[in-house]
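**Student:** Got a predicted model here, sequence first, then my questions.
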Amino acid sequence: MAYSFELGPIRPPSEAHSLLIRATRNCPWNRCKFCHTYKGERFQLRSMAEIKQDIETAKLIQDKIKELSWKSGYGGAVKQIAGMILNNPPNEAVYNVALWLYAGGKSAFLQDANSLIMRTNELAEVIRLLRATFPSINRITSYARSKTAAKKKLDELVELREAGLSRLHIGLESGYDPLLQYMDKGVTAAEHIKGGRNVVESGISLCEYVILGLGGKGMWREHTIHTARVLNEIAPDFIRVRTLVVRNKTPLYDEVQNGNFVRGADEEILEEERRLIEHLECQANYVSDHITNLLQEIKGKLPQDKGKMLASIDRFQALLPEERANFRVGRRLGIYRHLDDLSDSRRRQVVEQVAHKLGQGGNQVDDKTIYTLMEGFI
Ligand code: SF4
């Protein structure tokens, strides 16, 4: 299985089992202070010929897996063969197709940071080709920038929906203009609203991403209030939160080092999340599925599940200080996923032992160590 095709570096957590097709390379903006993903890389539109070739190659890999299934006596069912390939994939592209087939072959994600910047007719052609080549696919999604979505005519977005584009993932990050400006996001709150509303009105599902902690200690209140305000105006289908990480070699890292940006600690960021949820009045699915989030159990449908979501925060805040400290360390070590895991005495003991070591004899682990643990995951 020597076939291969080009892949970009990232996809949203919810697209972990999607077929990945790289429609463009890197990010056309590439200036956000907190973002390391495409730093040093130049944005490029890929030619239609290249994209079509990759789709054809993905099909060849799929066909090969089906052929192996017939030859191995599985009657064309792909799960077993895909599972075997996942244990020892020859390359990333084959791994991606095997994982996608293993999960049912239902969805595709167009990389990289802003596929919407493509000519609308060309993007629509890619989407139609994907649908025609893989009839099992029932969802095609992509990342987009608000600014680009704001510039697209509604007709163009409708054309993309009709071609088969199911959802756009947009990095809102914040709805507070001074913070957007400080982070060099290249978009205003008004543009976020216009871009988001365009997508919603076109009938394409919209997922907006918020970065908890982005305001640091200086702007966290305004960040939450204005982010909720902007989201209330957009009313996206999904609001997904992830927690700020500060990667080496980003401009924000330098700001932290020189003291211009002071990061909030886990418990402060959780209080920020509380205020965000309290101020949200739109109808949306709220999802906290990112590994960086302290409490991944905060999820539900707004507005009806607001009480339940806030209750998860209450539950954490009502813990004894030593339990909260234990949970933070366990969570950042990947030992805990949910608050319920605290009642697992074996796991708790392991966390206590590690916390003792990290705290150099005491059990208090400082924020810097917690950040390092969290950033080790991604
Ligand atoms: S627009 Fe997105 S991908 Fe581009 S630099 Fe900003 S956060 Fe990174």
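**Tutor:** Looks like it arrived, so ask away.
**Student:** where's Leu295 relative to the ligand, distance?
**Tutor:** Distance of Leu295 to the ligand, given as C-beta to the nearest ligand atom, to the nearest Å: 24 Å. (Each C-beta comes from the backbone N, C-alpha and C, glycine too.)
**Student:** okay, now that residue: neighbour count?
**Tutor:** When neighbours are counted by other C-beta atoms under 10 Å, Leu295 registers 20.
**Student:** didn't it look like it was pressed against Ile313?
**Tutor:** Yes - because the distance of 6.9 Å satisfies C-beta atoms under 8 Å, Leu295 is recorded as touching Ile313.
**Student:** so what's in contact with these two at the same time?
**Tutor:** Residues touching both Leu295 and Ile313 comprise Leu270, Glu273, with contact defined as C-beta atoms under 8 Å, 6 or more residues apart in numbering.
**Student:** pLDDT (mean, whole number) over the top helix by length along the chain?
**Tutor:** Assignment by DSSP state H gives helix 48-71 as the longest helix of the chain. Taken as a whole, helix 48-71 carries a mean pLDDT of 97.
**Student:** which residues sit against the following helix or strand past it?
**Tutor:** Past helix 48-71, further along toward the C-terminus, the next helix or strand under DSSP states H and E is helix 79-87. Contact with helix 79-87 is made by Met1, Ile65, Leu68, Ser69, Ser72, Tyr74, Val94, Tyr95, Ala98, Leu99, Leu101, Tyr102, as judged by C-beta under 8 Å, 6+ apart.
**Student:** So what's the gap between helix 79-87 and the chain middle?
**Tutor:** For helix 79-87, the separation from the chain centroid amounts to 26 Å (computed by C-alpha atoms, centre = their mean, to the nearest Å).
**Student:** So which bits of that helix are buried?
**Tutor:** Using 16 or more other C-beta atoms under 10 Å as the test for burial, helix 79-87 gives Ile81, Ala82, Ile85.
**Student:** Equivalent analysis for stretch 119-130, please.
**Tutor:** Within stretch 119-130, the residues scored as buried using 16+ other C-beta under 10 Å are Thr120, Leu123, Ala124, Glu125, Val126, Ile127, Leu129, Leu130.
**Student:** What mean pLDDT does the helix or strand where the fifth one lies get?
**Tutor:** Element membership for Val126, per DSSP H and E: helix 120-133. On average, the pLDDT along helix 120-133 is 98.
**Student:** Tell me which other helices or strands it touches.
**Tutor:** Contact analysis of helix 120-133 by 3 or more C-beta pairs under 8 Å, 6 or more residues apart in numbering; DSSP states H and E lists strand 19-22, helix 48-71, strand 107-111, strand 139-144, helix 154-163 as its packing neighbours.
**Student:** Alpha carbons of that helix, as PDB, please.
**Tutor:** Taking Å, rounded to 0.1, in the frame of the first residue of the first chain, the C-alpha atoms of helix 120-133 are listed here in PDB:
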ATOM      1  CA  THR A 120     -16.500  29.600  -4.700                       C
ATOM      2  CA  ASN A 121     -17.000  27.600  -7.900                       C
ATOM      3  CA  GLU A 122     -13.800  25.700  -7.300                       C
ATOM      4  CA  LEU A 123     -14.600  24.900  -3.700                       C
ATOM      5  CA  ALA A 124     -18.000  23.800  -4.700                       C
ATOM      6  CA  GLU A 125     -16.500  21.500  -7.300                       C
ATOM      7  CA  VAL A 126     -14.200  19.900  -4.700                       C
ATOM      8  CA  ILE A 127     -17.100  19.300  -2.400                       C
ATOM      9  CA  ARG A 128     -19.200  17.800  -5.200                       C
ATOM     10  CA  LEU A 129     -16.400  15.600  -6.300                       C
ATOM     11  CA  LEU A 130     -15.900  14.300  -2.700                       C
ATOM     12  CA  ARG A 131     -19.700  13.600  -2.400                       C
ATOM     13  CA  ALA A 132     -19.700  11.700  -5.800                       C
ATOM     14  CA  THR A 133     -16.500   9.800  -5.100                       C
END
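**Student:** that older thread, mind putting the contacts of helix 79-87 in JSON lines, neighbour count and distance to Gly215 included?
**Tutor:** Output for the contacts of helix 79-87, formatted as JSON lines (neighbours: other C-beta atoms under 10 Å; distance: C-beta to C-beta, whole Å):
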{"residue": "Met1", "neighbour count": "16", "distance to Gly215": "48"}
{"residue": "Ile65", "neighbour count": "23", "distance to Gly215": "47"}
{"residue": "Leu68", "neighbour count": "18", "distance to Gly215": "52"}
{"residue": "Ser69", "neighbour count": "19", "distance to Gly215": "52"}
{"residue": "Ser72", "neighbour count": "12", "distance to Gly215": "55"}
{"residue": "Tyr74", "neighbour count": "14", "distance to Gly215": "53"}
{"residue": "Val94", "neighbour count": "23", "distance to Gly215": "42"}
{"residue": "Tyr95", "neighbour count": "17", "distance to Gly215": "38"}
{"residue": "Ala98", "neighbour count": "24", "distance to Gly215": "41"}
{"residue": "Leu99", "neighbour count": "19", "distance to Gly215": "36"}
{"residue": "Leu101", "neighbour count": "26", "distance to Gly215": "42"}
{"residue": "Tyr102", "neighbour count": "19", "distance to Gly215": "40"}
